[in-house]
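In: have a look at this prediction, sequence included:
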Amino acid sequence: MIRLSEIAPLTCRQDTKIADVLRRLSESSYLFLLVTDETGRLVGTITDGDARRAFLRGVRLDDSAAACMQREPIVGRVDEEDENLRRFGQIRARNAFLPIVDADGVISEVLYSSADVGQLSALVMAGGPGTRLGELTRSKPKPLLSVGDRPILDHILERLEQAGIHTIYVSVHYLAEQIEAFIAARDNAGTVQVLHETERMGTAGALSQMPEAARGEVLVVNADIMTKANFSAIESFHHRQGHDATIAVANYEVQVPYGVVRHTEDGIFQGIDEKPRQMFLAAAGIYLLSPQFTALVPPDRAMDMPELLNLGRSIGLRVGVFPIHEYWVDIGRPHDLENAMRDHIESERT
């Protein structure tokens, strides 16, 4: 446990836009903000999970912090040290915090502790042939295509290492020797071990090839995405919600190229919407799985992630979704790679 006495970086106002709340949470070492009024009095708290759950209820990025804050947070009181420690010890969260307030409700300090995300291992799925990229993957596997001056796989591994995950497995199949050579030459921050798929194992089958000791909680990441998603936030959200599996999802917008007719059940015209846009939550290629889920993967056949998730849900395991509002792109086609390279150049300039 530590005591945080510099309060200003941890606070926001009720009218702060949720987009700014998420930006500050992603840039902070902590996964919470304290909401105060104009006098500095505590009126609520927001965790990363609170903000993302609000999106699932339809709250938007330009809504205010008041739309997603906890209005009756647990607090401690100045000069009640023993009681504060007792309350803090009762908080069951990976990133536990307890604001300490004075008689006027003004924040004096915050008690805080964080569990080590390093308990997680990660599996990067890098075995696919990348056929939709055509000639680009004829002689080079998709995870080794460059965005900026580094391969996609290097960006992913660096992101995992920055989250404190130092036991990483990479499943390979197509042009496996190139990926293995890249990992061997890379300056890895932890252990990065290659798992060879002698046959294509699907998007979840390689979990069965991980050593038993590593098949606890596993963060599975596809090797064809570029993202700034906060892996530590996913882990915290997963535990706070009591999930057995958590699926990261990203907004995907589709525009219908025609006018869409609205009508009653008996065929009476009600109106027409010209080329409407529809928003869906798409699986983002990032999954956090409990041991109960990894134990369901058969050792002798291929399995895709939807089959595994549906199987777990059918036997009563709890599956949740984690909305990503940080940068994310799936590199499936040549124009996706071009967009990722352009985005990377722009981010380097800023």
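Out: That came through, no problem.
In: if we ignore the residues flanking it in sequence, what's nearest Gly190?
Out: Among residues not flanking Gly190 along the chain, His166 sits closest, at 2.7 Å (Cβ to Cβ, 6 or more residues apart in numbering). The way it works is simple: take the backbone N, C-alpha and C, and place the C-beta from them, glycine included.
In: ok, that neighbour touching Thr191?
Out: Yes. With contact defined as Cβ atoms under 8 Å, His166 reaches Thr191; the gap is 6.5 Å.
In: neighbour count for these two, which is higher?
Out: In terms of neighbours (other Cβ atoms under 10 Å), His166 is the more surrounded of His166 and Thr191; the figures are 17 against 11.
In: dihedrals phi and psi, the more buried one?
Out: Torsion angles at His166 (phi, psi; degrees, to the nearest 10) stand at phi -120, psi 10.
In: looks to me like Phe237 is in a helix.
Out: Yes. Assignment of Phe237 by DSSP: H, G, I helix; E, B strand; the rest coil places it within a helix.
In: isn't it up against Asp48?
Out: Yes. Using Cβ under 8 Å, Phe237 makes contact with Asp48 at a distance of 6.6 Å.
In: mind listing what's buried along stretch 342-349?
Out: His344 (16 or more other Cβ atoms under 10 Å).
In: going forward, begin numbering at 517 instead of 1
Out: Done: numbering now begins at 517, and the last item shifts to stretch 858-865.
In: quick check: mean pLDDT across that stretch?
Out: Mean pLDDT, computed over stretch 858-865, is 88.
In: how about residues contacting that stretch?
Out: The contact list for stretch 858-865 (Cβ atoms under 8 Å, 6 or more residues apart in numbering) reads Val663, Gly664, Met742, Tyr843, Val845.
In: would you turn the residues you listed into CSV with distance to Thr780?
Out: Below are the contacts of stretch 858-865 laid out as CSV (distance: Cβ to Cβ, whole Å):
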residue, distance to Thr780
Val663, 50
Gly664, 54
Met742, 45
Tyr843, 43
Val845, 41
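In: tell me how far His851 lies from Leu691.
Out: Look at His851 and Leu691: by Cβ to Cβ, to the nearest Å, they are 23 Å apart.
In: comparing the two, which shows the higher neighbour count?
Out: With neighbours defined as other Cβ under 10 Å, His851 and Leu691 compare such that Leu691 has more, 20 against 9.
In: quick one: the more buried one and Pro659 touch, right?
Out: No. Using Cβ under 8 Å, Leu691 is not in contact with Pro659; the gap is 9.6 Å.
In: all strands for the stretch 767-866 of the chain, in order.
Out: Using DSSP state E, counting those that start in this stretch, the strands found in the stretch 767-866 of the chain span residues 775-779, 785-790, 793-805, 835-840, 844-846.
In: winner for burial among those?
Out: strand 835-840 (a mean of 20; mean count of other Cβ atoms under 10 Å).
In: how about the helix or strand containing Thr561 as PDB, C-alpha atoms only?
Out: Per DSSP states H and E, Thr561 falls inside strand 558-563. Extracted C-alpha coordinates of strand 558-563, given in PDB (Å, rounded to 0.1, in the frame of the first residue of the first chain):
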ATOM      1  CA  LEU A 558     -15.300  14.700  -3.500                       C
ATOM      2  CA  VAL A 559     -18.600  13.900  -5.300                       C
ATOM      3  CA  GLY A 560     -17.700  10.600  -7.000                       C
ATOM      4  CA  THR A 561     -15.100   8.300  -8.400                       C
ATOM      5  CA  ILE A 562     -14.400   6.800 -11.900                       C
ATOM      6  CA  THR A 563     -12.400   3.700 -12.700                       C
END
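In: which residues touch it?
Out: The contact list for strand 558-563 (Cβ under 8 Å, 6+ apart) reads 528, 530, 537, 541, 547-553, 581-582, 584-587, 589, 591, 611, 613, 615, 617, 621-623, 752, 756.
In: give me the pLDDT value at the residue nearest to Asp820 when sequence neighbours are not counted.
Out: Once flanking residues are discounted, Asp820 sits nearest to Gly718: 4.3 Å by Cβ to Cβ, 6+ apart. Model confidence at Gly718, given as pLDDT, is 94.
In: I'd like to know how far Gly718 sits from Val737.
Out: According to Cβ to Cβ, Gly718 stands 15 Å off from Val737.
In: who has more neighbours, those two?
Out: For Gly718 and Val737, the more surrounded residue by other Cβ under 10 Å is Val737, and the numbers stand at 28 against 21.
In: mean confidence for whatever helix or strand that one lives in?
Out: Assigned by DSSP H and E, Val737 falls within strand 734-738. Strand 734-738 carries an average pLDDT of 97.
In: export only the CA atoms of it, formatted as PDB.
Out: Extracted in PDB, the C-alpha atoms of strand 734-738 (Å, rounded to 0.1, in the frame of the first residue of the first chain):
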ATOM      1  CA  VAL A 734      -3.700 -16.000 -20.400                       C
ATOM      2  CA  LEU A 735      -4.000 -12.900 -22.500                       C
ATOM      3  CA  VAL A 736      -4.400 -14.000 -26.100                       C
ATOM      4  CA  VAL A 737      -3.500 -11.400 -28.700                       C
ATOM      5  CA  ASN A 738      -3.800 -11.700 -32.500                       C
END
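In: run through who's touching it.
Out: Residues outside strand 734-738 that contact it (Cβ under 8 Å, 6+ apart): 636-641, 672, 676, 681, 719-720, 723, 726, 747, 750-751, 801-805, 810, 821, 846.
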